[in-house]
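**Q** Here's a sequence, model it:
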Amino acid sequence: KRKGKMKKRKSEPRQGEDGHDSLSKKTKKKRVKHDNDDAASSTDKTKKKNADPKPVNFPHQFILAPMVGASELAFRLLCRRYGAQLAYTPMMSAQKFASDEKYRNEEFQTCAQDRPLVCHFAA
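**A** Prediction:
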(Lines give C-alpha, C1' and ligand atoms only; values in the text may rest on other atoms or scores of the structure.)
Protein backbone atom coordinates (compact mmCIF):
# COMPACT_ATOMS: atom_id res chain seq x y z
CA LYS A 1 0.00 0.00 0.00
CA ARG A 2 1.12 3.47 -0.80
CA LYS A 3 0.79 6.11 1.79
CA GLY A 4 0.41 9.76 1.10
CA LYS A 5 -0.40 11.59 -2.06
CA MET A 6 0.25 10.09 -5.45
CA LYS A 7 2.65 11.93 -7.71
CA LYS A 8 1.20 13.53 -10.78
CA ARG A 9 2.66 12.30 -14.02
CA LYS A 10 3.60 14.80 -16.67
CA SER A 11 1.11 14.46 -19.45
CA GLU A 12 2.62 13.58 -22.77
CA PRO A 13 1.39 15.47 -25.83
CA ARG A 14 -1.51 13.69 -27.47
CA GLN A 15 -0.82 12.26 -30.86
CA GLY A 16 -3.23 11.81 -33.73
CA GLU A 17 -3.39 8.86 -36.06
CA ASP A 18 -0.58 10.24 -38.20
CA GLY A 19 1.78 10.55 -35.21
CA HIS A 20 1.69 14.35 -35.00
CA ASP A 21 0.61 16.26 -31.93
CA SER A 22 -3.09 16.99 -31.90
CA LEU A 23 -4.14 20.60 -32.23
CA SER A 24 -5.43 22.65 -29.35
CA LYS A 25 -9.10 23.64 -29.36
CA LYS A 26 -8.15 27.26 -30.01
CA THR A 27 -6.09 26.35 -33.08
CA LYS A 28 -8.87 24.11 -34.42
CA LYS A 29 -11.42 26.92 -34.04
CA LYS A 30 -9.13 29.31 -35.93
CA ARG A 31 -8.69 26.79 -38.75
CA VAL A 32 -12.42 26.12 -39.02
CA LYS A 33 -13.17 29.84 -39.10
CA HIS A 34 -10.51 30.38 -41.79
CA ASP A 35 -11.87 27.49 -43.90
CA ASN A 36 -15.42 28.86 -43.61
CA ASP A 37 -14.23 32.32 -44.68
CA ASP A 38 -12.60 30.81 -47.79
CA ALA A 39 -15.77 28.88 -48.65
CA ALA A 40 -17.91 31.98 -48.21
CA SER A 41 -15.68 34.12 -50.44
CA SER A 42 -15.73 31.50 -53.22
CA THR A 43 -19.54 31.30 -53.11
CA ASP A 44 -19.73 35.11 -53.26
CA LYS A 45 -17.69 35.03 -56.49
CA THR A 46 -19.97 32.36 -57.93
CA LYS A 47 -23.06 34.39 -57.02
CA LYS A 48 -21.65 37.44 -58.81
CA LYS A 49 -21.06 35.45 -62.00
CA ASN A 50 -24.56 33.92 -61.89
CA ALA A 51 -26.32 36.91 -60.37
CA ASP A 52 -29.44 36.58 -62.53
CA PRO A 53 -29.98 32.90 -63.37
CA LYS A 54 -32.89 32.16 -65.65
CA PRO A 55 -35.48 29.80 -64.14
CA VAL A 56 -35.77 26.40 -65.79
CA ASN A 57 -39.25 25.07 -66.39
CA PHE A 58 -39.01 21.28 -66.08
CA PRO A 59 -42.30 19.36 -65.88
CA HIS A 60 -40.94 16.17 -64.27
CA GLN A 61 -40.63 16.08 -60.49
CA PHE A 62 -39.85 12.37 -59.96
CA ILE A 63 -37.08 10.96 -62.15
CA LEU A 64 -35.83 7.39 -62.08
CA ALA A 65 -32.06 7.65 -62.38
CA PRO A 66 -30.11 5.15 -64.48
CA MET A 67 -28.87 2.25 -62.36
CA VAL A 68 -26.63 -0.65 -63.29
CA GLY A 69 -28.69 -3.82 -63.43
CA ALA A 70 -31.95 -2.13 -62.42
CA SER A 71 -33.13 0.02 -65.32
CA GLU A 72 -34.83 -2.71 -67.35
CA LEU A 73 -38.40 -2.34 -68.58
CA ALA A 74 -40.12 -4.25 -65.75
CA PHE A 75 -38.46 -2.12 -63.07
CA ARG A 76 -39.15 1.12 -64.96
CA LEU A 77 -42.86 0.23 -65.23
CA LEU A 78 -43.02 -0.63 -61.53
CA CYS A 79 -41.44 2.71 -60.62
CA ARG A 80 -43.82 4.56 -62.94
CA ARG A 81 -46.75 2.88 -61.15
CA TYR A 82 -45.45 4.45 -57.92
CA GLY A 83 -44.94 7.94 -59.34
CA ALA A 84 -41.80 8.08 -61.51
CA GLN A 85 -42.47 10.50 -64.35
CA LEU A 86 -39.25 10.13 -66.36
CA ALA A 87 -36.96 7.10 -66.67
CA TYR A 88 -33.66 6.07 -68.26
CA THR A 89 -32.82 2.89 -70.16
CA PRO A 90 -29.79 0.86 -69.12
CA MET A 91 -26.57 2.15 -70.67
CA MET A 92 -26.14 0.79 -74.19
CA SER A 93 -23.17 0.84 -76.55
CA ALA A 94 -23.88 3.42 -79.25
CA GLN A 95 -21.70 1.61 -81.79
CA LYS A 96 -23.36 -1.79 -81.23
CA PHE A 97 -26.83 -0.20 -81.14
CA ALA A 98 -26.26 1.44 -84.53
CA SER A 99 -24.83 -1.63 -86.24
CA ASP A 100 -26.34 -4.76 -84.61
CA GLU A 101 -30.08 -5.43 -84.85
CA LYS A 102 -29.91 -8.36 -82.41
CA TYR A 103 -28.24 -6.09 -79.80
CA ARG A 104 -30.97 -3.44 -80.31
CA ASN A 105 -33.77 -5.99 -79.81
CA GLU A 106 -32.18 -7.47 -76.67
CA GLU A 107 -31.05 -4.26 -74.95
CA PHE A 108 -33.70 -1.71 -75.93
CA GLN A 109 -37.05 -2.83 -74.55
CA THR A 110 -39.94 -0.41 -74.12
CA CYS A 111 -43.70 -0.04 -74.49
CA ALA A 112 -46.32 2.72 -74.75
CA GLN A 113 -46.59 3.14 -70.94
CA ASP A 114 -42.82 3.66 -70.72
CA ARG A 115 -42.83 7.32 -71.76
CA PRO A 116 -41.12 9.75 -71.50
CA LEU A 117 -37.91 7.73 -71.73
CA VAL A 118 -34.27 8.78 -71.98
CA CYS A 119 -32.03 6.40 -73.92
CA HIS A 120 -28.69 6.11 -72.18
CA PHE A 121 -25.77 5.55 -74.60
CA ALA A 122 -22.04 5.09 -74.11
CA ALA A 123 -19.85 6.23 -76.98
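
**Q** Next one: the nearest residue to Ile63 once chain neighbours are set aside, what pLDDT does it get?
**A** Nearest residue to Ile63, sequence neighbours excluded (Cβ to Cβ, 6 or more residues apart in numbering): Leu86, at 4.6 Å. Yep, even glycine has a C-beta here, placed from its N, CA and C like the rest. Looking at Leu86, its pLDDT is 96.

**Q** residues in contact with Leu86?
**A** Neighbour list for Leu86: 60, 62-64, 116-118 [criterion: Cβ atoms under 8 Å, 6 or more residues apart in numbering].

**Q** at 7 Å instead, please
**A** Residues near Leu86 by Cβ atoms under 7 Å, 6 or more residues apart in numbering: 60, 63-64, 116, 118.

**Q** For PyMOL, write the select line for the buried members of the residues you listed.
**A** Per 16 or more other Cβ atoms under 10 Å, the buried members of these correspond to this PyMOL selection:
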select buried, resi 64
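
**Q** Among the contacts of Leu86, name the ones in helices.
**A** Here DSSP state H is the test, and the contacts of Leu86 give no hits in helices at all.

**Q** Where do the strands of the protein begin and end?
**A** Assigned by DSSP state E, the strands in the chain fall at 63-64, 86-88, 92-93, 117-118, 121-122.

**Q** Spell out which strands sit alongside the last one in the sheet and which way each one runs.
**A** So that's strand 121-122. If you go by DSSP bridges, strand 121-122 pairs up with strand 92-93 (parallel).

**Q** Check the burial of the nearest residue to Ser93 once chain neighbours are set aside by counting its neighbours.
**A** Excluding the flanking residues, the one nearest Ser93 by Cβ to Cβ, 6+ apart is Ala122, at 5.8 Å. Using other Cβ atoms under 10 Å, the number of residues around Ala122 comes to 10.
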